[in-house]
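J.: here is my input; please provide its structure:
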Amino acid sequence: MAVGILCLIFVVPFAAYAQSEAPQTVAPDAATQLEHPSPQDATSSPDAAPTDPSLSPDASLTYPEDTSQVKADFFRGTVSSIKQEGDEKVADITQHFQLLEITKAGTSEAIEIKNVTNQNGVQTHVYKKGEQVVVGATSYGTMTTYYIADPYRTWWMIGIMLFFFIVVVVLTKWQGVRSVIGLVASIWVVLYVITPGILKGYDPFLVSVAGALLVVVLSVFVAHGFHRRTFIAVFSTLITLLFAAGFAVFATWVMQLSGSGDEQALLLQYGASSTLNLRGILLGGIIIGTLGVLDDITTGQAAVVQALKEANPSLKVRELYNAAIGVGREHISSLVNTLVLAYAGTSMPLFLLFHVDNMYPLWVVLNSEFVAQELVRTIVGSTALVLAVPITTGLAAAYFGRSSYLVSSEKGTSSSNIHMGHSHGYHEAVRSKETIQRSPL
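T.: Residues are numbered from 1 along each chain as shown. Now for the predicted structure:
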């Protein structure tokens with residue numbers, strides 16, 4: 001009966017998703033439209049706030065209907081001097097500005113760019129002399145417009161990543177090196193397999209699921225080696241991932257989520273990406289996000305079961321399972337909280353909006369697609385974590401609990417190098433082993 005219900009829950013949504021029309025552009029819901037008004041609505045409203053005329057298109061210029069005629073270029077530059085700085089009033093709006101002289105990197109060519117740093121209380125970056133910036137240049141015909149795209153922060157980004165890699169390698173030795181290689185492999189799959197596949201018109205959900213399976217195989221084996229526990233962890237991750245995919249399809253289906261609940265999705269509705277299936281992209285993002293915590297708990301649980309067996313070879317399947325599942329519950333209680341807080345951290349502006357914007361009742365905001373999307377992400381990921389523990393523990397106990405399993409074949413691999421980041425799981429396993437020895441099940 002239970003198996004039949006699970007099949008209905010997960011197979012029916014997959015069938016419904018497969019029958020739904022592939023790429024389609026779905027209009028955002030009413031709440032999203034109010035939160036992100038279109039430019040036409042903003043300019044046509046009589047109460048709309050006036051904009052800076054210096055930022056508005058010049059009516060005397062002819063702009064091309066074909067945007068392919070517009071050329072965009074970027075280069076790195078240095079703020080050589082601040083020629084002018086102060087406040088000005090434009091169309092009843094007081095704004096603070098800087099007139100910067102920027103020298104193009106590697107040349108003596110200098111250009112002047114006006115940077116508005118404060119408009120109606122909205123503070124942006126204030127540049128200092130000697131600071132490096134990224135300059136954008138938009139050209140059409142003989143007209144070229146320059147603007148500051150961003151501070152140049154690439155070297156700091158590289159430095160922070162190198163610091164992370166050094167900490168990992170110093171603390172975990174060769175295991176850390178393999179973990180970094182696995183991380184690079186995962187990023188490669190996302191950038192060069194999943195993303196191009198979606199842009200070529202393939203179903204985003206199916207591409208993401210296939211990419212996730214590839215990430216599991218590459219990252220886990222590279223990081224943890226070709227051991228028995230690693231094969232069990234990979235197989236358990238694949239099973240749990242399929243359950244998570246089915247649950248995600250079911251949740252988005254019953255909640256009627258279109259995938260257009262955030263600003264990034266709205267931007268994809270314009271230009272060459274307007275035909276992308278936003279719902280499929282939402283589902284794919286949920287799967288990739290869930291995978292990030294699945295391999296963590298499956299590799300840890302498989303290693304704990306093996307450690308228990310090597311510590312006490314007399315343990316049978318049921319005894320191994322009962323001892324290891326306690327460690328898994330402790331792991332779940334910490335990881336679920338971590339996952340929820342991670343999603344909450346990325347949605348901090350939304351929580352602030354709850355208290356600042358009194359235009360909509362709280363129940364309307366909570367019912368919006370943006371909130372529903374974040375809820376589905378969190379619940380799907382947390383449910384996958386909970387399912388992964390008994391699945392991995394059961395498979396590992398069934399394998400390592402066999403009387404024919406030879407402990408000496410991998411003796412020392414799990415106790416001396418149990419699993420990077422899971423020493424707490426090993427100590428829990430040792431305590432569980434001592435409990436079993438004192439009081440056999």
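J.: gap between the residue nearest the centre of the chain and Glu85?
T.: The structure's the chain has its C-alpha centroid closest to Gly289; by C-alpha atoms, centre = their mean the separation is 5.4 Å. Distance from Gly289 to Glu85, counting by C-beta to C-beta, to the nearest Å: 43 Å. Yep, even glycine has a C-beta here, placed from its N, CA and C like the rest.
J.: circling back: so the residue nearest to the centre of the chain sits against Arg377, correct?
T.: Yes - counting by C-beta atoms under 8 Å, Gly289 touches Arg377, with 6.1 Å between them.
J.: and stretch 397-414, average pLDDT?
T.: Stretch 397-414 comes out with an average pLDDT of 61.
J.: could you look up the SS state of Val79?
T.: At Val79 the chain is in strand, as set by DSSP: H, G, I helix; E, B strand; the rest coil.
J.: next SSE downstream of the helix ranked longest in the chain?
T.: Longest helix in the chain, counting residues (DSSP state H): helix 154-189. Next along the chain after helix 154-189, taking DSSP states H and E as the criterion, comes helix 195-199.
J.: so what does the following helix or strand past that next one touch, helix or strand wise?
T.: Once helix 195-199 ends, the next helix or strand along the chain (criterion: DSSP H and E) is helix 204-224. Secondary-structure packing of helix 204-224 (3 or more C-beta pairs under 8 Å, 6 or more residues apart in numbering; DSSP states H and E): helix 154-189, helix 195-199, helix 228-254, helix 278-311.
J.: between helix 204-224 and helix 154-189, how many degrees?
T.: 100 degrees (axes from the mean of the first three to the mean of the last three C-alpha atoms, to 10 degrees).
J.: show me the domain layout of the protein.
T.: Residue ranges for the domains of the chain, per automatic domain parsing: 70-152, 155-438.
J.: now, of the ones you listed, which is deepest in the fold?
T.: Of all the domains of the chain, domain 155-438 carries the top mean neighbour count, a mean of 18, counting by mean count of other C-beta atoms under 10 Å.
J.: and that domain, how far out from the chain middle?
T.: 12 Å (C-alpha atoms, centre = their mean, to the nearest Å).
J.: CA atoms of stretch 88-99 as CSV?
T.: The C-alpha coordinates for stretch 88-99 follow below in CSV (Å, rounded to 0.1, in the frame of the first residue of the first chain):
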residue,chain,number,x,y,z
GLU,A,88,22.8,68.8,-7.7
LYS,A,89,19.1,69.0,-8.2
VAL,A,90,17.6,67.4,-11.3
ALA,A,91,13.8,67.4,-11.8
ASP,A,92,13.2,68.1,-8.1
ILE,A,93,15.5,65.2,-7.2
THR,A,94,18.6,66.0,-5.1
GLN,A,95,21.5,63.7,-5.9
HIS,A,96,25.1,63.5,-5.0
PHE,A,97,27.5,63.0,-7.9
GLN,A,98,31.2,62.5,-8.7
LEU,A,99,32.9,63.6,-11.9
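J.: roughly how far is that stretch from the heart of the chain?
T.: With C-alpha atoms, centre = their mean, you get 38 Å for stretch 88-99.
J.: mean confidence score for it?
T.: 79.
J.: who are the packing partners of the longest helix of the chain?
T.: Against helix 154-189 (3+ C-beta pairs under 8 Å, 6+ apart) you get helix 204-224.
J.: and the angle from the helix it packs on to helix 278-311?
T.: Using the same axes, to 10 degrees: helix 204-224 against helix 278-311 is 30 degrees.
J.: residues making contact with helix 204-224?
T.: In this structure, residues lying in contact with helix 204-224 by C-beta atoms under 8 Å, 6 or more residues apart in numbering are 17, 175, 178-179, 181-183, 185-186, 189-190, 193-194, 197-198, 230, 233-234, 237-238, 241, 245, 249, 276-277, 279-281, 283-285, 287-288, 291, 294-295, 299, 419-420.
J.: for the stretch 1-150 of the chain, give me the ranges with low pLDDT.
T.: Applying pLDDT under 70 to the stretch 1-150 of the chain flags the ranges 1-68, 119-123.
J.: show me where it has helices.
T.: With DSSP state H, counting those that start in this stretch as the criterion, the stretch 1-150 of the chain has helices at 2-19, 30-35, 39-44.
J.: of the helices and strands packed on helix 204-224, which approaches Ser334 most closely?
T.: Among the helices and strands packed on helix 204-224, helix 278-311 comes nearest to Ser334, with 10.2 Å by C-beta to C-beta.
J.: packing partners of the closest one?
T.: Counting contacts by 3+ C-beta pairs under 8 Å, 6+ apart, helix 278-311 packs against helix 195-199, helix 204-224, helix 228-254, helix 263-267, helix 317-346, helix 369-400, helix 413-416, helix 423-438.
J.: between that helix and helix 317-346, how many degrees?
T.: For helix 278-311 against helix 317-346, the angle by the same axes, to 10 degrees is 140 degrees.
J.: and the angle for helix 278-311 with helix 228-254?
T.: Using the same axes, to 10 degrees: helix 278-311 against helix 228-254 is 150 degrees.
J.: what average pLDDT does helix 278-311 get?
T.: 86.
J.: taking helix 369-400 as reference, get the angle to it.
T.: 30 degrees.
J.: distance check, Ala244 against Thr172.
T.: For Ala244 relative to Thr172 (C-beta to C-beta), the value is 28 Å.
J.: same check, this time on Leu294
T.: 20 Å.
J.: also Ser314?
T.: 32 Å.
J.: and Tyr343, by the same measure?
T.: 27 Å.
J.: swap in Gly201?
T.: 41 Å.
J.: separation between Val380 and Tyr202?
T.: Counting by C-beta to C-beta - Val380 and Tyr202 are separated by 22 Å.
J.: now Gly259. Nearest residue, chain neighbours left out?
T.: Distances taken as C-beta to C-beta, 6 or more residues apart in numbering place Leu278 nearest to Gly259, at 3.2 Å, with adjacent residues excluded.
J.: my bad, Glu112
T.: Glu101 (5.6 Å).
J.: that neighbour bridge partners, please.
T.: Taking DSSP bridges as the rule, Glu101 bridges to Ser81, Glu112.
J.: that one: what's it in contact with?
T.: 79-83, 110-112 are the contacts of Glu101 under C-beta under 8 Å, 6+ apart.
J.: what is the nearest of the residues you listed to Val70?
T.: Ile111 (18.9 Å).
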